[in-house]
Every structure is written in structure tokens, then in C-alpha cells.
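Q: after the sequence you'll find the predicted model.
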Amino acid sequence: MTSARIDHLVTSGTFALDGGTWDVDNNVWIVGDDTEAIVIDAAHDAGAIAAALGGRTLRAIVCTHAHNDHIDAAPALAEATGAPILLHPDDLPLWKQTHPDRAPDGELVDGATLTVAGTDLTVLHTPGHAPGAVCLYAPGLGTVFTGDTLFQGGPGATGRSFSHFPTIVDSIRDRLLTLPPDTEVRTGHGASTTIGAEAPHLEEWINRGH
């Protein structure tokens, strides 16, 4: 029986890439219990995230990908808590656009398991929105944290640098639609959904995209 729970906060800031800037609201997910936790995507506001942790030991700051709006607060949060920042190495070129003088502390590897508060989260490498994009599947919590790979209503954007539409479609089909249909999809922006809710129209969409 897992003792872990999922806390959620929304932080606001800007997303910048390819010379454009957009105002965005980001989901920050905290998985843990009363003593320890991990943060998924330290977006915009290290102080608000630290306050939500409430003195718990932060085991890791996990980056689903390295677009600036998902990592801009990561170094400050790491400095405040001593937690390591973990990123898939394929996203280092994007990371360096935002933090040229501060490297991540560790690598996320496909198939690796992160454990916090008795709960296992498996790293799924799901490139497409970004080369090093990952999702984190927590079967004990019946949820997958998808960053910007899968949203309510379809895949994440692939119109900018370092992204590729056929690749994100393959990632979703091969790595996410194979999860149990009742798995809750907790996204990088906006509302949650389920694998079962997205699968039917994604399959049509996959056929259109190829």
C-alpha cells in the first residue's frame, strides 16, 4: 500500500523559444508523503514550490523536458533544497538555452525507476515535443505524468525547434496508449484526462499524421 499522494500547484510565467515569448500557466506536480517528495517540473516560482513542499525532504527535481517554462525555477529550487535536478540527456541543448552555466545533476534514462514514499515512477522516454521528453508512470497511483507529450485533446505542440510530429505520435502510440485505460494523465498544462479518454481520437489522429 503506497502512502504517497499527489499535490498540484499552478505557476505562471513565460515560455520562450525561437524568438517568441508566450504567457503560460504550468502544472507543477509533487509526489510524496509527509516526509519526502519529488517535484515534477519546477516551473516559474521556486518559492511557491518550496512552500508547497512544506519542509519535506525533496529527493529530486524531475524535468519532463527542457523548455524554459518547465525548468526556469529548477536551479533556485535545487539551491534551496539540495535536491538534484534530473533531465534526459537528449534535452541538454534546450537546457543550455535557459541555464548555460548550470548543468543538471543527473540523467533520466528510459526504463529507470524513481522511488519516493514507497511509490515507483518509471521513466518513459517519449520524444517528439522535445528530443529528451519523458513521461513518468506511477502504476501504484494509477497515473502518468506526461509533461507536454500528451494533453486532454491530443499531443503536445511540434511546430518549433527540436520537435517532430511523427515522433510524438509514435511515442504516444507505443509508450502511452499501451497503459491501462483508466490511467490518469496529469499534464504539463491544463486539465487532466485519462488514457482511455484520449485513445479513441488519438488513433484517428495517428492515422491522419502518417
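A: Yes, it's here.
Q: restricting to C-alpha, output stretch 94-108 in PDB.
A: Extracted C-alpha coordinates of stretch 94-108, given in PDB (Å, rounded to 0.1, in the frame of the first residue of the first chain):
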ATOM      1  CA  LEU A  94      17.500  23.000 -24.900                       C
ATOM      2  CA  TRP A  95      18.500  23.200 -21.200                       C
ATOM      3  CA  LYS A  96      21.600  25.200 -22.100                       C
ATOM      4  CA  GLN A  97      19.500  27.900 -23.800                       C
ATOM      5  CA  THR A  98      18.000  28.700 -20.400                       C
ATOM      6  CA  HIS A  99      20.800  27.700 -17.900                       C
ATOM      7  CA  PRO A 100      24.100  27.900 -19.800                       C
ATOM      8  CA  ASP A 101      26.100  28.000 -16.500                       C
ATOM      9  CA  ARG A 102      24.300  25.300 -14.500                       C
ATOM     10  CA  ALA A 103      24.100  21.700 -15.700                       C
ATOM     11  CA  PRO A 104      21.600  19.100 -14.500                       C
ATOM     12  CA  ASP A 105      22.900  16.800 -11.700                       C
ATOM     13  CA  GLY A 106      21.800  13.500 -13.100                       C
ATOM     14  CA  GLU A 107      20.300  11.800 -16.200                       C
ATOM     15  CA  LEU A 108      16.800  10.300 -16.700                       C
END
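Q: buried set for the helix or strand of the chain with the lowest mean pLDDT?
A: Here the helix or strand of the chain ranked lowest by mean pLDDT, DSSP states H and E is helix 195-209, holding a mean of 80. Within helix 195-209, the residues that count as buried by 16 or more other Cβ atoms under 10 Å are Ile195, Ala197, Glu198, Ala199, Leu202, Trp205, Ile206. The C-beta positions use only the backbone N, C-alpha and C, and glycine is treated the same way.
Q: so the spatially closest residue to Cys63 that is not a sequence neighbour versus Ala76, what's the distance?
A: Leaving aside its chain neighbours, Cys63 sits nearest to Leu87 (4.4 Å; criterion: Cβ to Cβ, 6 or more residues apart in numbering). Distance from Leu87 to Ala76, counting by Cβ to Cβ, to the nearest Å: 16 Å.
Q: for these two, work out which one has more neighbours and name it.
A: Neighbours per residue (other Cβ atoms under 10 Å) separate Leu87 from Ala76, with Leu87 holding more: 26 against 15.
Q: so in terms of bridging, what pairs with the more buried one?
A: Glu107 (DSSP bridges).
Q: and the pLDDT at it?
A: In this model, Leu87 is scored at 98, pLDDT.
Q: quick one, what contacts it?
A: Contacts for Leu87 were tallied using Cβ atoms under 8 Å, 6 or more residues apart in numbering; they are Cys63, Ala66, Ile71, Trp95, Pro104, Gly106, Glu107, Leu108, Gly132.
Q: give the ChimeraX command for selecting the buried subset of those residues.
A: Selection of buried members from these for ChimeraX, criterion 16+ other Cβ under 10 Å:
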select :63,66,71,95,104,108,132
